[in-house]
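Participant: Mind looking at a prediction? Sequence and model below.
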Amino acid sequence: MLPAGLIGHVRLRYLGTSAQKARLVVDLIRGRRVEEAIATLRYTHKAVARDIGRALDSALANARLKKPEVDVDRLFVKTAFVDGGPSLKRIRPAPMGRAFRVQKRMCHVTVGLGEAALPHPQAPRRAPAGASAAAPTPPGTSTAPESEARPRTPARKAADRPARAAKGTQKATRRGKAPK
C-alpha cells in the first residue's frame, strides 16, 4: 500500500552505512525531477550514492508498473528520507589488554516519487480594482534615494567614518602603571 499522492515508492532497508552519511546524499535529490536526481547521484563522490541511485531506479520501475501511462518527464522525488537502523556492536583489541567498542551502523532509506501537475495556460493577471496603476520604472534606473544610488568612492567612505582622536594624545602604560 502506497502512501497518498505517491506513484512509485521504495524502502531500502538495512543499508550498511550510517544515517548521517546517507542523509548528505538524500538531501541532494529531494524535490528534484527524476532525470536530475539520477544525474546528481551518478556524479556524486559518495559511496552511498550508488545504493540510493539503485533505490531511485527501483522507485521509477514501481511507478511505471503501477501506472504504465505515466509521463517520466513529470515525475519528481516527492519524499526522500533516512531513518536510523540497528547497530552491530563489535570489539576491537586495544593496548594493555583493553578493548574498544566499534558500532557498525545501518540505516533505512525511503524514496517516493510524485507526479508534477501540468502548468495551466492562464491569461495575464490583472491588477486589483483598488490598486493604482503606477508607471513602470525604465530599465537601468533605480528607485533608491540619491545617497544610496551613488557608488561608494574612497572619499565618501572617509566622510561616512566617524572622526578618530589624533594619534599620540595618550601615552601608553606599561603593566598597568603610569609612566615615570
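Facilitator: Perfect, I can see it now.
Participant: can you tell me which helix in this protein is longest?
Facilitator: Ranked by residue count and defined by DSSP state H, the top helix of the chain is helix 48-66.
Participant: Name the residues of the next helix or strand after that helix that come out as buried.
Facilitator: Proceeding N to C from helix 48-66, the next assigned helix or strand is strand 75-93, under DSSP states H and E. For strand 75-93, the neighbour count (16 or more other CB atoms under 10 Å) marks L75, F76, V77, K78, A80, V82, G85 as buried. For glycine as for every other residue, the C-beta is placed from the backbone atoms N, C-alpha and C.
Participant: Sketch out the helices for the protein, chain order is fine.
Facilitator: With DSSP H as the criterion, the chain has helices spanning 19-29, 34-42, 48-66, 146-149, 154-160.
Participant: now the second one against strand 75-93, angle please.
Facilitator: Between the axis of helix 34-42 and that of strand 75-93 there is an angle of 20 degrees, by axes from the mean of the first three to the mean of the last three CA atoms, to 10 degrees.
Participant: which residues touch helix 34-42?
Facilitator: Contact with helix 34-42 is made by 25, 28-29, 32, 49-50, 52-53, 56-57, 60, 72-73, 75-77, 113, as judged by CB atoms under 8 Å, 6 or more residues apart in numbering.
Participant: so how far is A61 from the closest residue to R50 other than its chain neighbours?
Facilitator: Spatial nearest neighbour of R50, chain neighbours left out: L41 (7.7 Å); criterion: CB to CB, 6 or more residues apart in numbering. From L41 across to A61, the span is 16 Å (CB to CB, to the nearest Å).
Participant: With neighbour numbers in mind, choose between those two.
Facilitator: A count of neighbours by other CB atoms under 10 Å puts L41 above the other of L41 and A61, at 23 against 12.
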